[in-house]
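# give me a 3D structure for the following:
(chains A and B)
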Amino acid sequence: MRKRRMWRELPLHLMILPGMLFVLTFSYIPMAGITIAFQKFIPAKGLFGDQKWIGLDNFRYVLDLPNFIQVMWNTLYISSFKLVLGLAVPIIFAILLNELKNEAIKRSVQTSIYLPYFLSWVVLGGILIDLLSPSGGLVNSIIKSFGLDPIFFLGDNKWFPTTLIASDIWKNFGYGTIVYMAAITGIDPGLYEAATIDGANRWRKAWHITLPGMRMVIVLLAVLSLGQLLNAGFDQVFNLYSPQVYQSGDILDTFVYRIGLLEAQYGVATAVGFFKSIVSLVLISSAYYIAYRVAKYRIF
Amino acid sequence: MTGRSLQSADHAPPSFRRTGKRFDWFAVANSAFLLAVALICLLPLIHIIALSFSSSSAASAGYVKFWPVDFTLASYEFTASRSAFWVSMLTSIERIAIGTPLNLLLTILVAYPLSKTTEQFRFRLVYAWVFFLTMLFNGGLIPWYITIKQLGLLDSIWALVLPGAVPAFSIVLLLNFFRAVPKELEESAVIDGAGSWTTLWRIYVPISKPAIATLALFSMVDHWNSWFDGLILMGDPSHYPLQSYIQTIVVQMNLGSMSMEELKNLARISDRTLKASQIFLGSLPIIAVYPFLQRFFVKGIVLGSVKG
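Numbering: from 1, shown residues only, chains lettered A, B, ... in the order given. Predicted structure coming up:
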């Protein structure tokens, strides 16, 4: 009996085998490679070669770097604004969009707002660099036409983080809006009818019916985004920053890239990456646990 | 089930219809606001397209807004004359041609066993965690890079397609779709003597075509848009896929690889229109498939995140 069952399940094991091999090679070997963080790593000796172990020296070295605190602060500052606004803005837009009665307007708005989501940060970075340029950029020529001084959005430490946050919301809010719109579709229309009979206006209906109806999806997106707290957006920052704005715009990932790949300090960079992974794992597990406790939410 | 029906299936609460003869200020303000936001999403792209078709003098004088001034194809002719552009375009196409079928095949092969119950497949949970964990935790940039390097993949197309061959998120989407397939279909196939492989290819895959098409589009867009892996895994810039190539030209402003002849030609057109044309070309395939993309996209999201 037991043997027959093994036999029956064999094809399922075989199906999953290629995927397992890929994941083991390209995800789990790098995970084991985290040992580099505790070594004085010499690339010529290889990933699991005879490297010199140095305990926590790499971590100490990073903490003593003069700009590490600044980088950490930038990362948290930029990503927490992205996280909060990235949740709130799509919720507001989904509710407003849901109030639109004209199907044609509604569809054109929907189609427009999630186009930027599909374009790469290379393309959007190129667009923003041109658009925001202080000399000939369209945005600054509009600002100048109001008699104001041009703003160097991408080269001024005062403006750079705001520009990052705003352009990230611009790229991504369409995606969130569509997710929330889908959730609103699932709300029982009877609830709105009942509320209308009870004399509720559109604000009360949004507050008492639409928002609670989106709760599951809000929790899901919040859990997923909380795990990203230390990811302030490598693709975006890498394509928009320059040495003038390292002070306000350098984040953990760009920092790892520069000390790791450009300066070839593999051990140090891996230590930073390891720290980041641990924090993300702790955050996402706690968020998931809280979501499960509070909203009975489960991913599987 | 089409994307269109999903989009229009929102149940507009009755009171939001115009009540009586009173003018609905809210509806007007709301439409105006949302249309303005829609424009903010589209106009930057339109501006870049207009710029790319404008003469260099009009572009540098700042005359170009949302319509080309002194229409010319000069910047496109220059781009088309650069062989590096075509080589990287071919690399991108090759990447999609190999990467997307590979992504789909592995997603299907992994999602099917994982969609079984623990009753039917005892190791389901073990495997599920192995795949799920890759979404939560990773070794970081350096170990990932060294692994690929030691496998000898650097500087080949395989470095661009193999490391991301198993997309964990797509697996979650597809296994949820597979679970919604009626059990009776499978049972009758088993009675007719079908094994797991036959059931998968003859029943599950055909029935899941919309989901698989969604994942195919996602995968193509991902492969097209990727630039960072090309930048670090390809030692030789002539092996860059298009987005990495554009990154070096448009963002890093690295014109060092140009010959004297090319630099002379470049003098005729402005740096700005050249970049604009490359940005446009870099997004053209996405804009071309966008109408299909967005229909599937809505469906993909609905089947992925709003269940039960």
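# what residue is smack in the middle of chain A?
residue A:228 (5.3 Å; Cα atoms, centre = their mean).
# ok, now which ones touch that one?
With contact set as Cβ atoms under 8 Å, 6 or more residues apart in numbering or on different chains, residue A:228 has these partners: A:79, A:83, A:280. Every C-beta, even on glycine, is put in place using the N, C-alpha and C of the backbone.
# is it in a helix, a strand, or coil?
Assigned with DSSP: H, G, I helix; E, B strand; the rest coil, residue A:228 falls in the coil class.
# and it, what's its pLDDT?
With respect to pLDDT, residue A:228 scores 86.
# equivalent analysis for the one 4 residues further on, please.
Model confidence at residue A:232, given as pLDDT, is 92.
# isn't there a strand covering it?
No - counting by three-state DSSP, residue A:232 is not found in a strand; it is coil.
# scan chain B for its longest helix.
Criterion DSSP state H: the longest helix present in chain B is helix B:271-305.
# leaving out chain neighbours, which residue sits closest to residue A:224?
Leaving out its chain neighbours, the residue that sits closest to residue A:224 by Cβ to Cβ, 6 or more residues apart in numbering or on different chains is residue A:284, at 7.6 Å.
# and whatever helix or strand residue B:147 lives in, what does it pack against?
Using DSSP states H and E, residue B:147 sits within helix B:141-150. On a contact count with 3 or more Cβ pairs under 8 Å, 6 or more residues apart in numbering or on different chains; DSSP states H and E, helix B:141-150 meets helix A:29-32, helix A:252-256, helix A:266-295, helix B:228-233.
# and the angle from it to helix A:266-295?
Per axes from the mean of the first three to the mean of the last three Cα atoms, to 10 degrees, the angle that helix B:141-150 makes with helix A:266-295 is 120 degrees.
# now do the contacts for residue A:183.
Residue A:183 touches A:94, A:213-214, A:216-217, B:306, counting by Cβ under 8 Å, 6+ apart.
# got the buried residues for the helix or strand that contains it?
Using DSSP H and E, residue A:183 sits in helix A:160-185. Across helix A:160-185, burial judged by 16 or more other Cβ atoms under 10 Å in any protein chain shown covers A:160-161, A:163-165, A:167-185.
# do the same with stretch A:102-116
Going by neighbour count (16+ other Cβ under 10 Å), the buried part of stretch A:102-116 is A:105-106, A:109-116.
# close to chain B, is that stretch?
Yes - against chain B, stretch A:102-116 shows contacts by Cβ under 8 Å from any Cβ of the partner chain at A:102-103, A:105, A:107-116.
# report the separation between the closest residue to residue A:168 other than its chain neighbours and residue B:147.
Excluding the flanking residues, the one nearest residue A:168 by Cβ to Cβ, 6+ apart is residue A:82, at 5.2 Å. Residue A:82 sits 30 Å away from residue B:147, going by Cβ to Cβ, to the nearest Å.
# repeat that for residue A:285.
Distance of residue A:285 to residue B:147, computed by Cβ to Cβ: 25 Å.
# higher neighbour count, these two?
Neighbours were counted for residue A:285 and for residue B:147 using other Cβ atoms under 10 Å in any protein chain shown; residue B:147 has more, 22 against 13.
# pull up the gap between the more buried one and residue A:35, please.
Shown here: residue B:147 relative to residue A:35, a distance of 12 Å by Cβ to Cβ.
# next SSE after the helix or strand bottoming out on mean pLDDT in chain B?
Sorting the helices and strands of chain B by mean pLDDT, DSSP states H and E puts helix B:3-8 at the bottom, at a mean of 40. Remark: after helix B:3-8, the chain's next helix or strand is helix B:25-52, criterion DSSP H and E.
# now that following helix: average pLDDT?
The predicted model gives helix B:25-52 an average pLDDT of 95.
# any residue of that helix touching chain A?
Yes - Helix B:25-52 comes into contact with chain A (Cβ under 8 Å from any Cβ), by way of B:26-27, B:30-31, B:33-35, B:37-42, B:44-45, B:47-48, B:51.
# selection in PyMOL covering whichever of these are buried, please.
Entered in PyMOL, the line below selects the buried ones among those, by 16+ other Cβ under 10 Å:
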select buried, chain B and resi 27+30+31+34+37+38+41+42+44+45+47+48+51
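# for chain B, give me the ranges with low pLDDT.
B:1-21, B:253-268, B:299-308 (pLDDT under 70).
# domain parsing for it?
As assigned by automatic domain parsing, chain B contains the domains B:24-72, B:76-294.
# what's the spacing between the shortest one and its chain's center?
When you say that, I think you mean domain B:24-72. 24 Å (Cα atoms, centre = their mean, to the nearest Å).
# and for the last one?
On the basis of Cα atoms, centre = their mean, the separation between the geometric centre of domain B:76-294 and that of its chain is 8 Å.
# and what of stretch A:277-297?
The answer for stretch A:277-297 is 16 Å, by Cα atoms, centre = their mean.
# dump that stretch to PDB, restricted to CA.
Taking Å, rounded to 0.1, in the frame of the first residue of the first chain, the C-alpha atoms of stretch A:277-297 are listed here in PDB:
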ATOM      1  CA  SER A 277      17.800  40.100   4.700                       C
ATOM      2  CA  ILE A 278      17.500  39.400   8.500                       C
ATOM      3  CA  VAL A 279      15.700  42.600   9.200                       C
ATOM      4  CA  SER A 280      13.300  42.000   6.200                       C
ATOM      5  CA  LEU A 281      12.600  38.500   7.300                       C
ATOM      6  CA  VAL A 282      11.800  39.600  10.900                       C
ATOM      7  CA  LEU A 283       9.600  42.400   9.700                       C
ATOM      8  CA  ILE A 284       7.600  40.400   7.200                       C
ATOM      9  CA  SER A 285       7.200  37.500   9.700                       C
ATOM     10  CA  SER A 286       5.900  39.800  12.400                       C
ATOM     11  CA  ALA A 287       3.600  41.700   9.900                       C
ATOM     12  CA  TYR A 288       2.200  38.300   8.800                       C
ATOM     13  CA  TYR A 289       1.700  37.100  12.300                       C
ATOM     14  CA  ILE A 290      -0.100  40.300  13.300                       C
ATOM     15  CA  ALA A 291      -2.200  40.200  10.200                       C
ATOM     16  CA  TYR A 292      -3.100  36.600  11.000                       C
ATOM     17  CA  ARG A 293      -4.000  37.500  14.600                       C
ATOM     18  CA  VAL A 294      -5.900  40.700  13.800                       C
ATOM     19  CA  ALA A 295      -7.500  40.100  10.400                       C
ATOM     20  CA  LYS A 296      -7.300  36.300  10.300                       C
ATOM     21  CA  TYR A 297      -5.400  36.700   7.100                       C
END
